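Peer 1: pasting the sequence and the predicted model now:
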Amino acid sequence: MTMNRIQSFFTAMVVIVGLFVLGGDAVASPSAKHHNHHDGKALLGDNLKHDGHHDIDHKGKYTTSVEVKNGKIAAVHVKHTTKGDISVKKYKTHKKMAQAVRGHLVYASLVLAQMEDMGTVYIGYAYIDDDGNEEIYWFPYDEILDGDTGAVEYVAES
């Protein structure tokens with residue numbers, strides 16, 4: 001009887017450890033210290049109507065720019081002043097992660113549930129800065145040229 005309990009205990013421990021290992025892949029960038037959400041649509045503004053390369057944000061040594069083709073976002077690029085091009089990760093979600101309110105950006109967790117648009121898909125482009133913080137620029141799906149191609153589901157940090 002005690003052998004069955006020991007075997008059950010070890011089986012349960014293996015399952016729990018496995019869940020922690022597999023569950024880590026579902027969280028958005030576990031290596032990032034903090035996630036900063038930006039309303040990419042507001043930052044881009046009327047430049048969406050003009051094809052070409054548009055800088056939308058500068059954070060320290062990082063410059064985020066958007067490539068617009070035929071009124072849609074074709075690519076988001078991040079360039080570091082000394083390191084050059086930085087890799088960008090693409091996310092998708094149904095939650096509005098950033099919005100402009102009186103000139104400030106607020107996290108979705110601070111927005112009333114009635115203000116969230118659950119029918120819209122948002123695409124986020126992210127990079128991790130020198131401090132380990134993840135900067136994510138969110139755009140509505142219908143403004144993206146290639147939609148959710150290559151995008152992974154975003155799971156908000158807790």
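Peer 2: Received it, and whenever you're ready, just let me know what you need. Residues are numbered from 1 along each chain as shown.
Peer 1: excluding chain neighbours, what is closest to residue 153?
Peer 2: residue 92 (6.2 Å; CB to CB, 6 or more residues apart in numbering). Quick note: C-beta positions are derived from backbone N, CA and C, even for glycine.
Peer 1: residues contacting the one you found?
Peer 2: Contacts for residue 92 (CB atoms under 8 Å, 6 or more residues apart in numbering) come out as 121-124, 141, 148, 151-154.
Peer 1: now, the most widely separated pair of those residues?
Peer 2: Farthest-apart pair in the contacts of residue 92 is 141 and 152; separation 14.6 Å (CB to CB).
Peer 1: the helix or strand residue 127 falls within - contacts with which helices or strands?
Peer 2: Taking DSSP states H and E as the criterion, residue 127 maps to strand 122-128. Packing partners of strand 122-128 (3 or more CB pairs under 8 Å, 6 or more residues apart in numbering; DSSP states H and E): strand 62-69, strand 89-93, strand 134-140.
Peer 1: what kind of secondary structure is residue 43 in?
Peer 2: Secondary structure, DSSP: H, G, I helix; E, B strand; the rest coil: residue 43 is helix.
Peer 1: count of neighbours near the closest residue to residue 135 other than its chain neighbours?
Peer 2: Once flanking residues are discounted, residue 135 sits nearest to residue 36: 5.1 Å by CB to CB, 6+ apart. By other CB atoms under 10 Å, the residues close to residue 36 number 16.
Peer 1: cool, residue 73 as well?
Peer 2: Count around residue 73 with other CB under 10 Å applied: 23.
Peer 1: got a list of what it touches?
Peer 2: 44, 48, 66-67, 139, 143-145.
Peer 1: okay, now the unreliable bits of this protein?
Peer 2: Under the criterion pLDDT under 70, the flagged ranges of the chain are 1-3, 7-32, 99-118, 157-158.
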